[in-house]
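**Q** would you be able to build a 3D model of this:
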Amino acid sequence: VLPKLLEQGTPEQRANRDYVLKALQLRGPELRHAAMELRKDKELVLQAVKQDWISLDYVPEELLKDRDVILAGLEQDWEAITYASKELLFEEEVVVAAL
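**A** Model (predicted):
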């Protein structure tokens, strides 16, 4: 069982970028407990999504428009396409990755 570092962390830990990055390497969905400012950090979001595509549940809307973020989810499961913005649904690279 992996520790829930952010869920059980202090507000200071949830706002510490290095701490959050290490936590996301273990459990991507812990993104939901990161400080909102860090949830908007593309590098952290990519780490979370690469660890577990379900982390897309906790990604801010503006990053769901980012091709790299959606493609990272699609590398694991085609259902990640359901998180893509309408604009990305018309991009060939994204559609092909979902197949």
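**Q** quick one: contacts of stretch 15-28?
**A** Residues outside stretch 15-28 that contact it (C-beta atoms under 8 Å, 6 or more residues apart in numbering): 2-6, 9, 13-14, 30-31, 34-35, 37-38, 41, 43-44, 47-55. Yep, even glycine has a C-beta here, placed from its N, CA and C like the rest.
**Q** what do you get for stretch 78-90?
**A** For stretch 78-90, with C-beta under 8 Å, 6+ apart as the criterion, the contacting residues are 53, 56, 59, 61, 64-65, 67, 70, 73-74, 94-95, 98-99.
**Q** in it, what counts as buried?
**A** Counting neighbours by 16 or more other C-beta atoms under 10 Å, one finds that the buried residues in stretch 78-90 are 80-81, 83-85, 88.
**Q** and S85, helix, strand or coil?
**A** Remark: S85 carries the secondary structure label coil [criterion: DSSP: H, G, I helix; E, B strand; the rest coil].
**Q** quick check: phi and psi on it?
**A** phi -70, psi 160 (degrees, to the nearest 10).
**Q** and the nearest residue to L99 once chain neighbours are set aside, how far from W53?
**A** Leaving out its chain neighbours, the residue that sits closest to L99 by C-beta to C-beta, 6 or more residues apart in numbering is W78, at 7.2 Å. Distance from W78 to W53, counting by C-beta to C-beta, to the nearest Å: 10 Å.
**Q** picking that back up, reformat the buried residues of stretch 78-90 as TSV; add pLDDT and distance to V20.
**A** Compiled in TSV, the buried residues of stretch 78-90 are given as follows (pLDDT from 0 to 100; distance: C-beta to C-beta, whole Å):
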residue	pLDDT	distance to V20
A80	96	22
I81	96	27
Y83	96	21
A84	95	24
S85	93	24
L88	93	26
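**Q** picking up where we left off before, out of the contacts of stretch 78-90, who's the most crowded?
**A** Each of the contacts of stretch 78-90 was scored by neighbours using other C-beta atoms under 10 Å; the highest score is I70's, at 29 neighbours.
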